[in-house]
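[1] Whatever this is, show me its structure:
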Amino acid sequence: MYEFHMPSLGADMEAGTLVEWLIKPGDEVQRGQVVAVVETQKGAVDVEIWEAGTVDKLVVVTGRKVPVGELLALLRTVGEPAAAAPETPKTPGTPHVATAPAITAAALPRAEAAAVSAVSARLRVSPSARKLAEELGVDIASVQAAEPGAVISRADVERAAQAKTLTPVAAKPAAPDWHAQMRMAIAAAMSRSKREIPHYYLATNIDVTAVSSWLETENLKRSVTERLLPVVPFMKAVALALREVPELNGFWIDGALRSSASVHLGMAIAMRGGGLVAPAIHDADRKSLDQLMADLRDLITRVRSGRLRSSEMSDPTVTFTSLGEQGVEGVFGVIYPPQVAIVGLGKITERPWVEGGVVVVRRVATATLAADHRASDGHRGGLFLAALDRLLQEPERLR
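    You can find the predicted model right below:
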């Protein structure tokens, strides 16, 4: 019997609210299938299962806040005999329905129960979105998800509120509670990082004239929708450089480094309304620039609409952050545990540069590395930055 537990969707997550089951006892499931929706402080996340088999029992009811690691469901693996009649989780006096909303009618005052029951039959709403709708005076039944069949998120409620031309005063009360909770979670994770991880920091200025010129020429050949953002070649170069210094790509767990054979690049992306997440682009070192661009565009869209997958939140082996668009010349990040490194990139500026004894004007960007001294040292970190510099001088090889 395979036990399916609440996954950790980041170092700042201690628990999540089970919004919806997408499976029921008796269903066949495959590896990588999305089986549940969990609400975290950073939005709704589609949770995948990584074992094939038959659902035997759903242990947790929807609407419950579940700590990381707690048992969610039992699965009979392929070839395992069926157990007794599978049970479904129940709340006192209320039969469980696999598509029940996060807040059940049984948990509400009688006056509200009938209305919620009617809406719940066709709506999938995250708890924080329902709360925001109440605070903004938005009828949740009138709100549509960003994508057909998706869970209604806070962003969907905000769009509906704007459509009703609500005044800014009406929208203000909702922001402090949600934003403060998220900031507290981030603060806890970053405090843990600085307390437990012996950081070391390195920086280097890289002549990015070649890659910038190559990108401009390449984008002239493309339609507007197919053009590459300046950060994309840097993403590929970072991923390839990590192959050469694997001590920076992995996790520090139980007092030891566990290097990863795959480079799952966590991209720091700002959320609508504030906050930051760093979901993974899987196998970034093996993807073309076009694939990376498509993945990045998809991630940004889903981050802003609050629709991420559990593997994207739990799989990053290293984090990459670029603040050049905000005018920042250098960023020294804080490592996101249990990762062992974070790579930063500043804005591209024109600077005087000595080349062959002659001062010329070149496009330059500052690349930084914050790394865990338990897993690597400054020498290895320096080799990584040198590899990154070398790769960016031959942009055609990044394709």
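[2] where's Pro7 relative to Gly346, distance?
    Distance, Pro7 to Gly346, by CB to CB, to the nearest Å: 34 Å. (Each C-beta comes from the backbone N, C-alpha and C, glycine too.)
[3] Check which residues of stretch 33-46 are buried.
    Of the residues in stretch 33-46, those scored as buried under the neighbour-count criterion (16 or more other CB atoms under 10 Å) are 33-46.
[4] Centre of the chain to the longest strand anywhere in the chain, how far?
    Ranked by residue count under DSSP state E, the longest strand found in the chain is strand 358-372. With CA atoms, centre = their mean, to the nearest Å as the basis, the distance from the averaged C-alpha position of strand 358-372 to the chain average is 28 Å.
[5] Average pLDDT for the following helix or strand past it, rounded please.
    Counting by DSSP states H and E, the element after strand 358-372 in chain order, helix or strand, is helix 378-392. Throughout helix 378-392, pLDDT has a mean value of 98.
[6] Which strands and helices lie in contact with helix 378-392?
    For helix 378-392, the packing partners by 3 or more CB pairs under 8 Å, 6 or more residues apart in numbering; DSSP states H and E come out as strand 199-207, helix 231-244, strand 358-372.
[7] one more time with 10 Å, if that's ok
    Contacts defined by 3 or more CB pairs under 10 Å, 6 or more residues apart in numbering; DSSP states H and E place helix 378-392 against strand 199-207, helix 209-220, helix 231-244, strand 341-345, strand 358-372.
[8] hmm, back to that, what is the nearest of the buried residues of stretch 33-46 to Leu385?
    Comparing the buried residues of stretch 33-46 against Leu385 with CB to CB places Lys42 closest, at 30.4 Å.
[9] Skipping its backbone neighbours, what lies nearest that closest one in space?
    What sits nearest to Lys42 in space, not counting adjacent residues and going by CB to CB, 6 or more residues apart in numbering, is Val277, at 5.3 Å.
[10] Distance check, the one you found against Lys287.
    Taking CB to CB as the measure, Val277 falls 20 Å from Lys287.
[11] Which one of the two is surrounded by more residues?
    When Val277 and Lys287 are compared for neighbours, Val277 comes out ahead with 25 against 19, by other CB atoms under 10 Å.
[12] Glu39 against Asp46, yeah?
    No - checked against CB atoms under 10 Å, the pair Glu39 and Asp46 is beyond contact range at 11.3 Å.
[13] what is in contact with these two at once?
    Counting by CB atoms under 10 Å, 6 or more residues apart in numbering, the residues touching both Glu39 and Asp46 are Glu20, Val151.
[14] ok, now which ones touch the closest residue in space to Arg222 that isn't next to it in sequence?
    On the basis of CB to CB, 6+ apart, the spatially nearest residue to Arg222 that is not a chain neighbour turns out to be Leu228, at 7.8 Å. Residues in contact with Leu228, defined by CB under 10 Å, 6+ apart, are Leu215, Glu218, Asn219, Arg222, Leu289, Asp290, Leu292, Met293, Leu296.
[15] which helix of the chain spans the most residues?
    In terms of residue count, the longest helix belonging to the chain (DSSP state H) is helix 174-196.
[16] Measure how far it is from the centre of its chain, please.
    For helix 174-196, the distance to the chain centre is 16 Å (CA atoms, centre = their mean).
[17] Which strands and helices lie in contact with it?
    Packed against helix 174-196 by the contact rule (3+ CB pairs under 10 Å, 6+ apart) you find helix 127-136, helix 154-163, strand 276-277, strand 358-372.
[18] Let me know the angle separating the second one from helix 174-196.
    The directions of helix 154-163 and helix 174-196 differ by 150 degrees, with axes from the mean of the first three to the mean of the last three CA atoms, to 10 degrees as the criterion.
[19] The residue nearest to Arg222 should be in a strand, yeah?
    No - when classified by DSSP: H, G, I helix; E, B strand; the rest coil, Leu228 is found to be coil rather than part of a strand.
[20] follow-up on the earlier one: packed most tightly, which of the helices and strands packed on helix 378-392 would that be?
    Each of the helices and strands packed on helix 378-392 was given a mean neighbour count from mean count of other CB atoms under 10 Å, and the largest, a mean of 26, is that of strand 341-345.
[21] Which strands border that strand, and is each parallel or antiparallel?
    In the sheet containing strand 341-345, the strands it pairs with under DSSP bridges are strand 318-322 (parallel), strand 358-372 (antiparallel).
[22] How far away from the center of its chain is the next helix or strand after that strand?
    Beyond strand 341-345 on the C-terminal side, the first helix or strand identified by DSSP H and E is strand 349-355. Using CA atoms, centre = their mean, we find the averaged C-alpha position of strand 349-355 to lie 36 Å away from the chain's own average C-alpha position.
[23] Could you number the chain from 361 rather than 1 from now on?
    Understood, numbering begins at 361; the last thing we discussed is strand 709-715.
[24] Give me the buried stretch members for strand 709-715, please.
    Buried positions in strand 709-715, judged by neighbour count with 16+ other CB under 10 Å: none.
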